[in-house]
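Engineer: next input, structure requested:
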Amino acid sequence: MRRTKIIATLGPATDDPKILEQLILSGVDLFRMNYSHQDHMSHQVRIQQIRTLSAKLGIETGIIADLQGPKIRLERFKRGKIMLKENDPFILDTQLEAGAGNKERVGVTYKKLAKDVKRGNRLLLDDGRIVLEVEKVKGPEIHCVTIVGGQLSNSKGINLQGGGLSTDGLTDKDMADLVHAVSMGIDYIAVSFVKSAKDISIPRAHLKKLKSHAHIIAKMERTEALNNAEEIISAADAIMIARGDLGVEIGDAALPPVQKRLINLAREMDTAVITATQMMESMISNQTPTRAEVFDVANAVLDGTDAVMLSGETSMGLYPVKVVQAMANICAETEKQRAIRVSDHRINTRFENIGEAIAMSTMYAANHIGASAIAALTETGSTALSMSRISSGIPIFAFTRHLNTMRKVKLYRGVYPILFDVTSTDTVKINQELVDVLSEHKIVRKGELVIITKGDLRGRRGGTNNMKIVTVGDIIPDVDHFLE
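Structural biologist: Sure thing, here's the model as predicted:
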């Protein structure tokens with residue numbers, strides 16, 4: 001069973017329901033809705049398609065709403081594009097109206113940009129393809145000289161090398177998109193350009209106000225985010241290493257060690273982590289990945305990422321199904337390495353709560369007795385998440401009565417959801433029924449060991465407090481019943 005999860009971004013290339021069905025069957029665990037593009041109705045249609053197909057196929061998939069965030073962009077040019085050559089002067093005019101750009105100047109969406117930059121700063125346009133150096137700031141005008149030229153077109157992004165832009169975390173558009181996503185029952189909200197824990201607490205408060213249980217993914221794509229990584233990881237439910245804008249700000253050469261550091265830190269702090277951007281980009285137009293892309297995906301798996309993400313490869317690529325199949329094969333092959341099935345995670349640290357202690361004890365026991373599966377009765381999926389931080393080849397099955405929990409745990413490495421209503425099951429029979437379900441799915445066989453975790457109070461959030469090791473095929477007494 002593939003342990004690393006796959007996230008696919010939806011777009012025009014996936015609008016055919018037959019393609020969407022093939023993506024689910026090929027192994028997509030979660031779908032990403034990019035709210036930077038298209039309107040609410042387009043997203044609504046896609047979300048409804050996913051839910052309908054998931055129900056038809058009996059395969060729950062999670063959905064991520066990726067908010068645009070305060071992305072700083074150029075305004076439009078009169079003729080759609082211009083050509084800049086090395087040493088050409090160029091002005092970013094924060095007061096120039098949209099559509100008035102020409103070969104001398106163009107407007108920008110962020111009106112305070114002139115206050116955030118100074119002489120000597122380098123501005124990276126279009127993911128770093130165009131580089132401008134600030135010569136002077138004159139009122140609302142930023143006078144630059146072209147260091148790296150090329151074709152420049154409408155609405156391209158702007159980054160300040162080294163970071164330091166003072167934009168707010170959530171825009172008015174983000175708020176409207178968040179409300180829409182919540183109304184559609186989204187499982188995760190991805191917050192863009194996070195700088196600190198505050199950028200997580202604000203959308204968290206809005207989700208609470210909207211009575212939503214959606215989890216928050218912090219996108220790590222700013223220099224400031226790296227400086228505040230621990231507080232952001234602590235505040236968020238998951239992080240995404242968004243290597244596009246992050247690479248522009250810190251330089252591509254700095255990305256590999258940063259990626260490894262963030263994955264390790266997230267796992268140490270019991271948080272899920274996604275590795276994203278350009279993982280299989282050549283497959284937008286090619287039927288096979290480059291060897292460099294194969295190594296990129298494999299290294300992320302070896303580092304311990306929970307999920308790898310596809311963007312343009314599925315949203316607008318020519319071969320969305322083939323790219324998912326290729327990525328799934330790379331992940332599965334890489335996971336055969338014994339090095340990623342062992343762990344000393346938190347072996348010498350104090351556990352924060354009973355649930356975490358049970359999770360760590362379960363994984364330690366499972367890895368040392370050769371258990372075939374772990375069955376975790378869970379309301380929220382938190383115990384399964386804690387278990388998944390331990391490197392192991394043993395599958396973790398999250399038995400839950402909640403569809404939203406099933407969809408959330410699809411993000412966690414090595415965790416597989418199974419719908420199971422514990423509140424309608426007799427206490428004496430619970431353990432036996434869990435093993436029976438695993439046997440019916442041909443996950444375990446007679447004589448193999450299964451570890452079960454659950455709480456004394458069924459249906460209570462955060463109540464996991466006991467572990468039991470059982471043998472498949474034996475009559476399983478439930479000691480808990482005799483203690484009630």
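
Engineer: residues near residue 244, how many?
Structural biologist: Around residue 244 there are 17 other residues, counting by other C-beta atoms under 10 Å. C-beta: built from backbone N, CA, C; applies to glycine.

Engineer: next SSE after the host helix or strand of it?
Structural biologist: Assigned by DSSP states H and E, residue 244 belongs to helix 243-250. Using DSSP H and E, the helix or strand that follows helix 243-250 in sequence is helix 255-268.

Engineer: quick one: mean pLDDT for the helix holding residue 244?
Structural biologist: Mean pLDDT, helix 243-250: 92.

Engineer: any idea which helix is longest in the chain?
Structural biologist: Of all segments of type helix in the chain, defined using DSSP state H, the longest is helix 40-57.

Engineer: can I get it in PDB, CA atoms only?
Structural biologist: Presented in PDB, the C-alpha positions along helix 40-57 are these (Å, rounded to 0.1, in the frame of the first residue of the first chain):
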ATOM      1  CA  HIS A  40     -17.000  30.400  -7.300                       C
ATOM      2  CA  MET A  41     -19.400  28.600  -9.600                       C
ATOM      3  CA  SER A  42     -16.600  26.800 -11.400                       C
ATOM      4  CA  HIS A  43     -15.200  25.600  -8.000                       C
ATOM      5  CA  GLN A  44     -18.600  24.600  -6.800                       C
ATOM      6  CA  VAL A  45     -19.200  22.400  -9.900                       C
ATOM      7  CA  ARG A  46     -15.900  20.700  -9.400                       C
ATOM      8  CA  ILE A  47     -16.400  20.100  -5.700                       C
ATOM      9  CA  GLN A  48     -19.800  18.600  -6.300                       C
ATOM     10  CA  GLN A  49     -18.300  16.300  -9.000                       C
ATOM     11  CA  ILE A  50     -15.700  15.100  -6.500                       C
ATOM     12  CA  ARG A  51     -18.200  14.300  -3.800                       C
ATOM     13  CA  THR A  52     -20.500  12.500  -6.300                       C
ATOM     14  CA  LEU A  53     -17.700  10.400  -7.800                       C
ATOM     15  CA  SER A  54     -16.300   9.600  -4.300                       C
ATOM     16  CA  ALA A  55     -19.700   8.300  -3.200                       C
ATOM     17  CA  LYS A  56     -20.100   6.300  -6.400                       C
ATOM     18  CA  LEU A  57     -16.600   4.700  -6.200                       C
END
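
Engineer: and it, what does it pack onto?
Structural biologist: helix 17-26, strand 30-34, strand 62-66, helix 172-183 (3 or more C-beta pairs under 8 Å, 6 or more residues apart in numbering; DSSP states H and E).

Engineer: may I have the third one as CSV, with CA atoms only?
Structural biologist: Listed in CSV are the C-alpha atoms of strand 62-66, where the atom choice follows Å, rounded to 0.1, in the frame of the first residue of the first chain:
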residue,chain,number,x,y,z
GLY,A,62,-10.2,15.3,0.7
ILE,A,63,-10.5,18.7,-0.8
ILE,A,64,-8.2,21.7,-0.2
ALA,A,65,-9.2,25.3,-0.9
ASP,A,66,-6.0,27.2,-1.7
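
Engineer: elements contacting that strand?
Structural biologist: Secondary elements touching strand 62-66 (3+ C-beta pairs under 8 Å, 6+ apart): strand 30-34, helix 40-57, helix 172-183, strand 188-191, helix 403-409.

Engineer: can you list the ones you listed in JSON lines and add mean pLDDT and distance to residue 249?
Structural biologist: Converted to JSON lines, the helices and strands packed on strand 62-66 look like this (pLDDT from 0 to 100; distance: least, C-beta to C-beta, whole Å):
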{"stretch": "strand 30-34", "mean pLDDT": "97", "distance to residue 249": "20"}
{"stretch": "helix 40-57", "mean pLDDT": "97", "distance to residue 249": "28"}
{"stretch": "helix 172-183", "mean pLDDT": "96", "distance to residue 249": "20"}
{"stretch": "strand 188-191", "mean pLDDT": "98", "distance to residue 249": "17"}
{"stretch": "helix 403-409", "mean pLDDT": "97", "distance to residue 249": "30"}
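
Engineer: how far away is the nearest residue to residue 98 once chain neighbours are set aside from residue 270?
Structural biologist: Distances taken as C-beta to C-beta, 6 or more residues apart in numbering put residue 75 closest to residue 98, at 4.3 Å, once the chain neighbours are dropped. Look at residue 75 and residue 270: by C-beta to C-beta, to the nearest Å, they are 43 Å apart.

Engineer: got it, and residue 200?
Structural biologist: The value you get for residue 200 to residue 270, if C-beta to C-beta is used, is 16 Å.

Engineer: of the two, which one has the most company?
Structural biologist: Taking other C-beta under 10 Å, residue 200 and residue 270 do not tie; residue 200 has more neighbours (22 against 19).

Engineer: what kind of secondary structure is the more buried one in?
Structural biologist: helix (DSSP: H, G, I helix; E, B strand; the rest coil).

Engineer: any chance of the helices and strands packed on helix 40-57 in CSV, plus mean neighbour count?
Structural biologist: Below are the helices and strands packed on helix 40-57 laid out as CSV (neighbours: other C-beta atoms under 10 Å):
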stretch, mean neighbour count
helix 17-26, 17
strand 30-34, 24
strand 62-66, 25
helix 172-183, 17
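
Engineer: could you dump these into a markdown table with distance to residue 51 added?
Structural biologist: Converted to a markdown table, the helices and strands packed on helix 40-57 look like this (distance: least, C-beta to C-beta, whole Å):
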| stretch | distance to residue 51 |
| --- | --- |
| helix 17-26 | 11 |
| strand 30-34 | 10 |
| strand 62-66 | 8 |
| helix 172-183 | 13 |
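
Engineer: of those, which is nearest residue 360?
Structural biologist: strand 62-66 (25.2 Å; C-beta to C-beta).

Engineer: tell me the mean pLDDT for the helix or strand just after that closest one?
Structural biologist: Next along the chain after strand 62-66, taking DSSP H and E as the criterion, comes strand 81-84. On average, the pLDDT along strand 81-84 is 96.

Engineer: helices or strands next to strand 81-84 in the packing?
Structural biologist: strand 150-153.

Engineer: all helices of the stretch 251-400 of the chain, in order?
Structural biologist: For the stretch 251-400 of the chain, the helices defined by DSSP state H, counting those that start in this stretch cover 255-268, 291-303, 312-315, 320-334, 354-369, 382-388.

Engineer: will you turn those into TSV that also has distance to residue 280, mean neighbour count and mean pLDDT?
Structural biologist: Shown next, in TSV, are the helices of the stretch 251-400 of the chain (distance: least, C-beta to C-beta, whole Å; neighbours: other C-beta atoms under 10 Å; pLDDT from 0 to 100):
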stretch	distance to residue 280	mean neighbour count	mean pLDDT
helix 255-268	16	18	96
helix 291-303	5	18	97
helix 312-315	5	24	96
helix 320-334	5	21	98
helix 354-369	31	19	84
helix 382-388	24	27	92
